[in-house]
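Asker: Take this sequence and fold it.
(4 chains)
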Amino acid sequence: MKGRVATKLKVKLGAGHPNSTAEHEIEIGSPASGADAGETHCRLDSESPIRANWVRIAPGRYSILLGNRSYEVHVTPAPGADGAREYSVKVGSDLYRVELHDPRAWKGHRASEHKGPQDVSAPMPGKVVKVLVDEGDEVQDGQGLLVIEAMKMQNELRSPRAGRVERIYATEGAGVETGAPLVRLASL
Amino acid sequence: MKGRVATKLKVKLGAGHPNSTAEHEIEIGSPASGADAGETHCRLDSESPIRANWVRIAPGRYSILLGNRSYEVHVTPAPGADGAREYSVKVGSDLYRVELHDPRAWKGHRASEHKGPQDVSAPMPGKVVKVLVDEGDEVQDGQGLLVIEAMKMQNELRSPRAGRVERIYATEGAGVETGAPLVRLASL
Amino acid sequence: MRVMRACREMGIGTVAVYSEVDRRSLHVRYADEAVAIGPAPSRESYLNIGRVVDAARSIGAEAVHPGYGFLSENAAFARAVAEAGLTFIGPPPEAMERLGSKTAARDLAVGAGLPVVPGAQDLHGFDDVEQAAERIGLPVMLKAAAGGGGKGMRMVTAHEQLKSAWRDASSEAYNAFGDETIFMEKLIERPRHVEIQILGDRYGNLIHLGERECSLQRRHQKVMEECPSPVADEDLRRRMGETAVRLGHLAGYWNAGTAEFLVDADRNFYFLEVNARLQVEHPVTELVTGVDLVKEQIRIAAGQRLAIRQHDVVMRGAAIECRISAEDPARDFFPSPGLITAWHMPQGPGVRNDSGVYEGWRVPLDYDPLMAKLIVSGRDRAEAVARLGRALEEYEIGGLETTIPFFRQVLKNDDFLAGRLDTGLVSRIIAAAGADQPGQRVDVSSGNGTGRLTTEAQLAGILAAALEAGSGAVAGVREPGANGAGEASAWKRAGRDAQLNNWPKRNL
Amino acid sequence: MRVMRACREMGIGTVAVYSEVDRRSLHVRYADEAVAIGPAPSRESYLNIGRVVDAARSIGAEAVHPGYGFLSENAAFARAVAEAGLTFIGPPPEAMERLGSKTAARDLAVGAGLPVVPGAQDLHGFDDVEQAAERIGLPVMLKAAAGGGGKGMRMVTAHEQLKSAWRDASSEAYNAFGDETIFMEKLIERPRHVEIQILGDRYGNLIHLGERECSLQRRHQKVMEECPSPVADEDLRRRMGETAVRLGHLAGYWNAGTAEFLVDADRNFYFLEVNARLQVEHPVTELVTGVDLVKEQIRIAAGQRLAIRQHDVVMRGAAIECRISAEDPARDFFPSPGLITAWHMPQGPGVRNDSGVYEGWRVPLDYDPLMAKLIVSGRDRAEAVARLGRALEEYEIGGLETTIPFFRQVLKNDDFLAGRLDTGLVSRIIAAAGADQPGQRVDVSSGNGTGRLTTEAQLAGILAAALEAGSGAVAGVREPGANGAGEASAWKRAGRDAQLNNWPKRNL
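Answerer: Residues are numbered from 1 along each chain as shown, chains lettered A, B, ... in the order given. This next block holds a predicted model:
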């Protein structure tokens, strides 16, 4: 987005659950970098280009007219985003997660994702109430791994992807701190 | 406020009208500069010192406990402030204007104020509807000088201080831009 | 905003029109679609019938709601909308014309034997004047028939003043308007301004939704309204309501409208005029009757029959509205446009906010300074008044001066608290506040009767200022590139635009 | 906050107590006076009777309002307040005790011949169980008498299941609690949870203010409440109301309280328990009846007589409340504390906000995740539902996940829209949402039926993200020193505190 005449971006678009995503290509014509408002055109995938008039209302808040249609968008850095280009985006009453990628860096990106074993760690301090899987189990994406009690409630921690349970670090009844590894998943 | 053990300030305290003011001396014990919250003591004039627990909620917004009494204060730079230390201060439903002065610089401060002739200029673009004074007139602090029409309304522009009308630049019926001199006041 | 909220609740898509300076306005951001219709001057945008109608047609709109400023009472606009094949959400243009001018509406009322302020028109010599005075009874006002603005106006309280007053008035009228014709009106002393909301469908069903008390006016502009009126009882309400409905029938009126009356100390009422549109102050009626007037307007325009009958209209509790404007009450209500650096609205029980602005928005010089309405309701007037005090204390607006301190003054006035309102009360409140001693602050009490020490509150304020000075922080929302001189640059920019189109706008 | 707003409107000074982590809370900022009572763990602060009473006494308070969490139903606290010479704003401790436990309240109701869920207690062998089943009629639930948490619970729908169910239940009960005693309750299928608000003074005047429908629960916690109940008509309301008032009289109850009932498909109602305090969901009753319950509580505690009689209670329109919590509905309602970077509440007609938080505040891990309540009202249920949809669309909270998307799901559910509510509906809605295809977003429609293209909305969102990436700006409110990793550091800090005191709190 360095003020070039047109920018192409690969976009990964997700909804609430991190594993429901779709990929798009977007082309944006020369938005002036650092400006507070502007007029440009943009194009999603193979659809026809559309005129876009945008205004930054406040940091992270945009009013966008696509043609005449008015969209109010609120952009915040995605919780837990590693890179700088992952955003939580609210359009009207809909919430998306948007990842922006330079198309040249796109190749190999997917291959590097979710490779090798991965630790599932505690998202918050709490107590492990129940472990739902055994070592060696194959688990599905979204399957419950264990139950943590925190903030007055029991919460099921689910698997971020399909895989095999390589190791279980957690013990039932034990307290855990944020970030403590709980389960190690290996690829299938 | 450079984190010294105690700071003494001379304070000029005004209400809505710029000429209704009172002067106070305030002593504040070591508020940590740049901190977000703190506990200190302070003293107004000759009253007994009081414990002050303060928290900066947001830029310019403070929650202050004096003893147990809770005050919510909103501080903004005073409109038209010349120096950096003039503030509009809202406490509960009351509005004040606060000027902070170093007591060492206080002497002579009043003497230097309002000396010599002073131009009264247009606070906004508009049309001069009526001039209410003549050259040579003595005017009181707050007396109407002329009437300007802007934003659908006629507004009387009042004298910022007592003085003599030395010169009238404005003509009835003429449009004026912001900052255009309208009347020159001389000291009495 | 008010209209678009109703549409969303009804599942209707909305299209906003906007002028160049309003791209950042809330109504553009909130709409489903938005169409630019021209530059800032209203003549070239919001008042330009052709452009508004073209915009509506180009986007495939089905109906047009005119809001309550600009073209809302313009019969030609209503016709243009209809001719473009769209539905106008408002009264039929014929009824607008029949009631559009004060004189036409007055004639209609007189013809039907409805009460109007006793008066006599077209007085050409002293004989005419003397006879009229005899008939009407003193005190009276003499006014120039040809004009307004206070020119040629004289009050007469005793017979011996009549001749000199007539001489002065007619010569002033001649000098100002080239026409010495005079008309005479009975002087209603300390009148109340009370209005009746009417609602009717295309099939001749017409009802009223009770009254609104709108006596609190500054320079003939309403600043605070309430429902019910402290002066109205069931009987007065019924009689005024029937008068308003009768007028509506006579004019072939449908959709929402308001009949304005003066009420004198003896609770006689006199018809003044009809506002053939939604009023700014309609929320107080909504809170007390439970009827959503904008939705009713839309249903009526869509050809539906009125679902509410007169006996379904039940008033419960009391509601008060304050119009929060960018004006500085401490400086004679001087306009105070600029950047809004903080905007915190009150909430909790009985509080309704209808606001058209937001933190980070710049109030332009171009239009009416009305920014938001605060409407409170309670079981009775006393609770509504107490709630208003609490809500005004919670309200916090930074960056510009507003009328909120003025409303706090009103809440301390004994006449207001007792419900003794008249159209002169606001001036008296302002005069009393101005008579405060210098050195005393404008707003004296903290408003909640908790007996806090004033000096302690001051101390808290000074401490915060000292902390702020020490923090090196720039407070509040700042525009890119703006610094402490933001206020000044606002004026400068306004100066560049150098145009003073001042029409009521702000679609709340 | 709710209580302090009422006090301000009544001109009563307010004192808040706060724990160390709550110095920045809105209730401290809003109060006239605030007293620190200890560290974050509720046991050492909000649940510490001695400290709360000492704080009240030290500051010269006259009365104590317990809110609706923490000590609000604690008779010992009420006694301690009275013994300190202060007034407790709530029911008398004797009545709290008489109604405090489910069993005691049930016994009282049974003794008076009031309807309770048919059941049998103290079943010691299969003969007992079989006789009870005969008397009560299938289906029934078997439960461990000694405990809860689902242990020892078995549902029986056919006679031949009875023996094995009893065997399983009693052995599970023995293993879990060392006591094999069983009790049996008739299984109410798809029950509604409906409660009656009562209000009484110290002089034996006791009235009811109609019902609230609270069937929408998740894990036995109410999430959404409404008034009136879609199932109630005048007759059911009167009969349930009379039952609640009768119970209140029997217990010597005064002040505000709530009697909870189950209502079955045939509109039979069964008494469950009494909540001897103000309920979180009281605003829906306030909006429909026009009565300010907190003010009534204060007046009653001050020894005033009830000014409202039963026939003064008139219900008008409908109201719905949503509890907005810091929980992530997309991740099984996982707690989502953190820094609030944006907080924009809806406004306009029929919208009431009762919020205890603000932009820039950090939702702590220490207490209940309830942040705010959104309450809407309308002429009827359909209008209230439409308004709720519009208001939820306007609501914008940044920095953490909230339950707002869940409420949008509810508004799309046909059973909810038709008013067919029961205590299992929320689970069914969540299950249905979870069955959505991956790749589809959680919230499918834009909710206003304007037929915007989804891809276009997505395009707008992507464009804004690209603009934001290009702007180099850090969005939203940030704490000093915090950066994009703000979320992570919140967890870290919580980790340091390493304590999990989880009590309902947030004084809205």
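Asker: Surely C:Leu123 touches C:Val129?
Answerer: Yes - judged on CB atoms under 8 Å, C:Leu123 makes contact with C:Val129 at a distance of 5.1 Å. For the C-beta atoms, the positions are set from N, CA and C on the backbone; glycine is no exception.
Asker: overlap in contacts of these two?
Answerer: Applying CB atoms under 8 Å, 6 or more residues apart in numbering or on different chains, one finds that C:Leu123 and C:Val129 are jointly contacted by C:Ile182, C:Met184.
Asker: Go ahead and list the helix or strand containing the residue nearest the centre of chain A.
Answerer: Closest to where the C-alpha atoms of chain A average out (CA atoms, centre = their mean) is A:Arg97, at 4.9 Å. Using DSSP states H and E, A:Arg97 maps to strand A:94-101.
Asker: now swap in A:Lys130 and tell me
Answerer: Here A:Lys130 sits within strand A:126-131, counting by DSSP H and E.
Asker: How about that strand, which residues are buried there?
Answerer: Across strand A:126-131, burial judged by 16 or more other CB atoms under 10 Å in any protein chain shown covers A:Gly126, A:Val128, A:Val131.
Asker: Give me the mean pLDDT for it.
Answerer: Here strand A:126-131 scores 85 as its mean pLDDT.
Asker: Can you pull out the low-pLDDT segments for chain A?
Answerer: For chain A, the stretches with pLDDT under 70 are A:1-7, A:14-21, A:30-34, A:78-84, A:93, A:102-116, A:151-153.
Asker: Chain C contacts on that one?
Answerer: Within chain A, the positions near chain C by CB under 8 Å from any CB of the partner chain are A:Asp36, A:Ala37, A:Asn53, A:Val55, A:Ile57, A:Ala58, A:Ser63, A:Leu65, A:Asn68, A:Arg69, A:Ser70, A:Glu72.
Asker: hang on, isn't the residue nearest to the centre of chain A packed against A:Val89?
Answerer: Yes - using CB under 8 Å, A:Arg97 is in contact with A:Val89, at 7.2 Å.
Asker: what's the first-to-last distance across stretch C:72-88?
Answerer: One end of stretch C:72-88 to the other measures 10 Å (CA to CA, to the nearest Å).
Asker: Centre of the chain to that stretch, how far?
Answerer: 23 Å (CA atoms, centre = their mean, to the nearest Å).
Asker: Which positions in it come out as buried?
Answerer: So stretch C:72-88, judged by 16+ other CB under 10 Å, has buried residues C:72-75, C:77-81, C:84, C:86-88.
Asker: same check, this time on stretch C:231-248
Answerer: So for stretch C:231-248, counting by 16+ other CB under 10 Å, buried means C:Val231, C:Ala232, C:Leu236, C:Arg237, C:Met240, C:Gly241, C:Thr243, C:Ala244, C:Val245, C:Arg246, C:Leu247, C:Gly248.
Asker: low pLDDT regions in the stretch 51-200 of chain C?
Answerer: Ranges of the stretch 51-200 of chain C meeting pLDDT under 70: C:147-151.
Asker: what about the strands in it?
Answerer: C:63-64, C:87-88, C:119-123, C:140-144, C:154-156, C:182-186, C:192-200 (DSSP state E, counting those that start in this stretch).
Asker: Just say which of those is most tucked in.
Answerer: Highest mean neighbour count of the strands of the stretch 51-200 of chain C: strand C:192-200, a mean of 26 (counted as mean count of other CB atoms under 10 Å in any protein chain shown).
Asker: Which other helices and strands does that one contact?
Answerer: Here strand C:192-200 touches strand C:206-218, helix C:234-251, strand C:255-263, strand C:269-275, helix C:293-301, going by 3 or more CB pairs under 8 Å, 6 or more residues apart in numbering or on different chains; DSSP states H and E.
Asker: tell me the contacts of C:Trp166?
Answerer: C:Phe126, C:Val129, C:Leu142, C:Arg154, C:Ile182.
Asker: Could you do C:Val117 as well?
Answerer: Applying CB under 8 Å, 6+ apart to C:Val117 gives the contacts C:Glu185, C:Lys186, C:Ile188, C:Leu262, C:Tyr270, C:Leu272.
Asker: Without its sequence neighbours, what residue ends up closest to it?
Answerer: Nearest non-adjacent residue to C:Val117, counting by CB to CB, 6 or more residues apart in numbering or on different chains: C:Tyr270, 4.3 Å away.
Asker: Enumerate every residue touching that neighbour.
Answerer: C:Pro115, C:Val116, C:Val117, C:Pro118, C:Ile188, C:Phe261, C:Leu262, C:Val263, C:Asp264 are the contacts of C:Tyr270 under CB under 8 Å, 6+ apart.
Asker: What of C:Arg316?
Answerer: For C:Arg316, the contact set (CB under 8 Å, 6+ apart) comprises C:Val288, C:Thr289, C:Gly290, D:Gly290, D:Val314, D:Arg316.
Asker: now C:Arg106
Answerer: C:Val116, C:Phe271, C:Glu273.
Asker: if you set the cut-off to 10 Å instead, what comes out?
Answerer: Listed by CB atoms under 10 Å, 6 or more residues apart in numbering or on different chains, the contact set of C:Arg106 reads C:Leu99, C:Leu114, C:Val116, C:Val117, C:Gly119, C:Gln121, C:Phe271, C:Leu272, C:Glu273.
Asker: Pairing partners for the fifth one in the sheet, please.
Answerer: Pointing back at C:Gly119 there. Beta bridges link C:Gly119 to C:Glu185 when assigned by DSSP bridges.
Asker: The last one too?
Answerer: In this structure, C:Glu273 has beta-bridge partners C:Glu260, where bridges are defined by DSSP bridges.
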